[in-house]
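> build me a structure from this.
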Amino acid sequence: MNGVGTLTRRVRARLRPAAARGGLSRAAAGFGPLLAVAPALGLGLALGLCAPAQAQSWSERNLDRPLSFDSLRETLKAEADKGQSADLEALIAEGQRLFEARFITEEGAGRPMATQAIVPTRRKRPSEVAFNRLPGPDASACSGCHNQPVTGGAGDFVANVFVSEGFESADFDTTDPQFSNERGTNILHGSGLIELLAREMTVDLQGQRRAALAAARKSGQPVTVDLTTKDVGFGKLTAHPDGTLDVTGLDGVDADLVLRPFSQKGVFASLRQFTVNALNVHHGIQATERFGQDWTGSADFDMDGVADEIDAGHVSALVAFQATLPAPGRRTGLPADWAEAAADGEKAFADIGCASCHRPSLPLESLSFADPSPVENAGTLRPGDVSDPLVLNMAALPWVQALPRDERGRVLVPLFGDLKRHRISDARIDRLGNELQAQRFVARDVFITAELWGVGNTAPYGHRGDITTLGEVILAHGGSAASARDAYAALPDERQQSIIAFLRTLEVPK
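Presented below is the predicted three-dimensional model:
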């Protein structure tokens, strides 16, 4: 035991310098020995952390150690099968190290002959610059944008990104909205619970579709069903006896009934998809699972001289870090006047209709987070590509254990959202729908409901991050939110301020 303890301490000591900018995240620190995975010794070996981390202690490289998905999963699974309690701190800390890493050209940063497109696409000519604020790459580290109030948080206006889905190669130098949609940076805290909610809701909706098809075949007549999951309605679907579907009545979800909770338009179904895409777009770091030999026929698709830039194990470490970032919560220790106003404001928030989309909570059945997820797309590691997924037991996290539960024992995730897309602007009020391009077939004035947990300390607001106060962003709502907006505008100033007081209590943990 003394030898194991010594090696465990060495593993943690080796991780410590990598995370020294702010120490281990609250997510990493929150795991302790609670997850049913491998002990720190085995996990350290799987991560390659017991070998010299770098050839030189002053090296600027970050992707300096192999991290095989298969060996990582097998190490974790073997110990879980024995029913042993283990420590996942090393994996999360490795994810934080990579999230905060400043990638360099020597390890693949930049993509001189590849575009930002999700489908691997070569450029027509080499990029003239290493960094470009428009098509990217535009950041050396994930934390360069996700940093307010802590790593994994939001970003100020200066950290905005430009989404230009409609162009094969974004060789332009303009912020004109005809060419790109400008977006602010969202928080990642609580995203593991968000993804688990989306997975369960997807299963519910697709189950209702199967039942409708079966009923139509049996009856020989069309069957129309109202699609509802976790008390959130997604329109209607009609199944015909011949197996065809009329999906024109769907509302706020794609025709495949997969909820995609990430990005402001709701176009990424998983943290893994989000991460693989962001690595390429923002850093020019290309994951082998999308840009490698199997999919593109090249180990160096962007032709920068670096082959197989980041492997599946490293992506899983990044996913584990993001998935376990603590959910935002309520600010405590409020002055008496603030506490009184916030209590009144929370009631007013519901009374005027804001809570019809910004649901205070949604119930979550399972806290088992599998990576890769069941709904990964081509170009991202999928369950069929591995013998078993890597599984995080979110129930072991102290901050998850502190969340309220309903009478059925389900965790009530306090997201203040509904994971549904809504039209958010109209001819009268269009500030939140001022983009000119659609993204992934989602109309330009349609956005997923923003989760409001964390809104109290992640200003500025709006899809472009150009709205300075909570009162302003409420008044910017149009479309399906117009009635709630008008109700807010009609309130006396004292009642409006009570709603602001309530929203200011919803904070990302520091």
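> can you give me the neighbour number for residue 176?
By the criterion of other C-beta atoms under 10 Å, residue 176 has 8 neighbours. C-beta coordinates here come from the backbone N, C-alpha and C atoms, glycine included.
> before we move on, what about residue 218?
Counted with other C-beta under 10 Å, residue 218 comes out at 10.
> for it, pull up the helix or strand it's in.
helix 191-219 (DSSP states H and E).
> mind checking the pLDDT average for that helix?
On average, the pLDDT along helix 191-219 is 98.
> also stretch 405-417?
98.
> ok, back up a step: quick one: buried residues of whichever helix or strand comes after the helix holding residue 218?
Moving toward the C-terminus from helix 191-219, the next helix or strand (DSSP H and E) is strand 223-229. By neighbour count on 16 or more other C-beta atoms under 10 Å, the buried set for strand 223-229 is 223, 225, 227, 229.
> likewise stretch 361-372?
So for stretch 361-372, counting by 16+ other C-beta under 10 Å, buried means 361-364, 367, 369, 371-372.
> cool, and stretch 415-429?
Under 16+ other C-beta under 10 Å, the buried positions of stretch 415-429 are 415-425, 429.
> next one: stretch 297-309
Buried residues in stretch 297-309 (16+ other C-beta under 10 Å): 300-302, 304, 306, 309.
> next: stretch 381-393.
Those would be 381-382, 389-393, for stretch 381-393 by 16+ other C-beta under 10 Å.
> mean confidence for it?
92.
> neighbours of the closest residue to residue 416 other than its chain neighbours, just the number please.
Spatial nearest neighbour of residue 416, excluding adjacent residues (C-beta to C-beta, 6 or more residues apart in numbering): residue 452 at 3.6 Å. For residue 452, the count of nearby residues is 24 (other C-beta under 10 Å).
> secondary structure class for residue 452?
coil (DSSP: H, G, I helix; E, B strand; the rest coil).
> what do you get for residue 391?
strand.
> again, but for residue 235
strand.
> separation between it and residue 247?
9 Å (C-beta to C-beta, to the nearest Å).
> which residues of the stretch 101-250 of the chain score low on pLDDT?
165-175, 178 (pLDDT under 70).
> still on that earlier bit, what's the closest of the buried residues of stretch 381-393 to residue 323?
Nearest to residue 323 among the buried residues of stretch 381-393: residue 392, at 6.3 Å, using C-beta to C-beta.
> not counting residues beside it along the chain, what's closest to that closest one?
Per C-beta to C-beta, 6+ apart, closest to residue 392 is residue 369, 4.2 Å.
> quick one: pLDDT of the residue nearest to residue 416?
So, for residue 452, pLDDT stands at 98.
> do the same with residue 14
Looking at residue 14, the pLDDT reads 33.
> ditto for residue 41
pLDDT, residue 41: 37.
> also residue 24?
pLDDT, residue 24: 45.
> just residue 70 next, same as before
Reading off the model, residue 70 has pLDDT 82.
> and residue 18, by the same measure?
Confidence score, pLDDT, at residue 18: 37.
> please tell me how far the residue nearest to residue 392 sits from residue 320.
In terms of C-beta to C-beta, residue 369 sits 9 Å off from residue 320.
> circling back to that earlier point, possible to save the buried residues of stretch 381-393 as TSV with distance to residue 100?
TSV is the format used below for the buried residues of stretch 381-393 (distance: C-beta to C-beta, whole Å):
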residue	distance to residue 100
381	23
382	28
389	26
390	21
391	25
392	20
393	25
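> and those, which is closest to residue 88?
Nearest member of those to residue 88, counting by C-beta to C-beta, is residue 392, at 7.2 Å.
> thought the closest one was touching residue 320?
Yes. Under the criterion of C-beta atoms under 8 Å, residue 392 makes contact with residue 320 at 6.2 Å.
> which neighbours do those two share?
88, 371 (C-beta atoms under 8 Å, 6 or more residues apart in numbering).
> and the nearest residue in space to residue 159 that is not next to it in sequence, what is it in contact with?
Of all residues not flanking residue 159 in the chain, residue 145 sits nearest, at 4.1 Å (C-beta to C-beta, 6+ apart). Contact analysis of residue 145 by C-beta under 8 Å, 6+ apart lists 139, 155, 159, 161, 185, 282.
> please repeat the previous calculation with a cut-off of 6 Å.
139, 155, 159, 185 (C-beta atoms under 6 Å, 6 or more residues apart in numbering).
> now the helices for the stretch 1-150 of the chain?
2-18, 26-31, 40-47, 69-81, 89-100 (DSSP state H, counting those that start in this stretch).
> for the stretch 301-450 of the chain, that is, sorry about that
Counting by DSSP H, counting those that start in this stretch, the helices of the stretch 301-450 of the chain are 312-323, 336-351, 398-401.
> what's the most buried one of these?
Among the helices of the stretch 301-450 of the chain, helix 312-323 has the highest mean neighbour count (mean count of other C-beta atoms under 10 Å), at a mean of 26.
> how near is residue 98 to residue 105?
Distance from residue 98 to residue 105, by C-beta to C-beta: 17 Å.
> give me the more crowded residue out of those two.
residue 98 (24 against 13).
> the more buried one and residue 109, how far apart?
13 Å.
> do the same with residue 297
Distance from residue 297 to residue 109, by C-beta to C-beta: 23 Å.
> kindly report the same for residue 504.
38 Å.
> repeat that for residue 358.
38 Å.
> now residue 487
With C-beta to C-beta as the criterion, residue 487 and residue 109 are 49 Å apart.
> also residue 442?
The value you get for residue 442 to residue 109, if C-beta to C-beta is used, is 30 Å.
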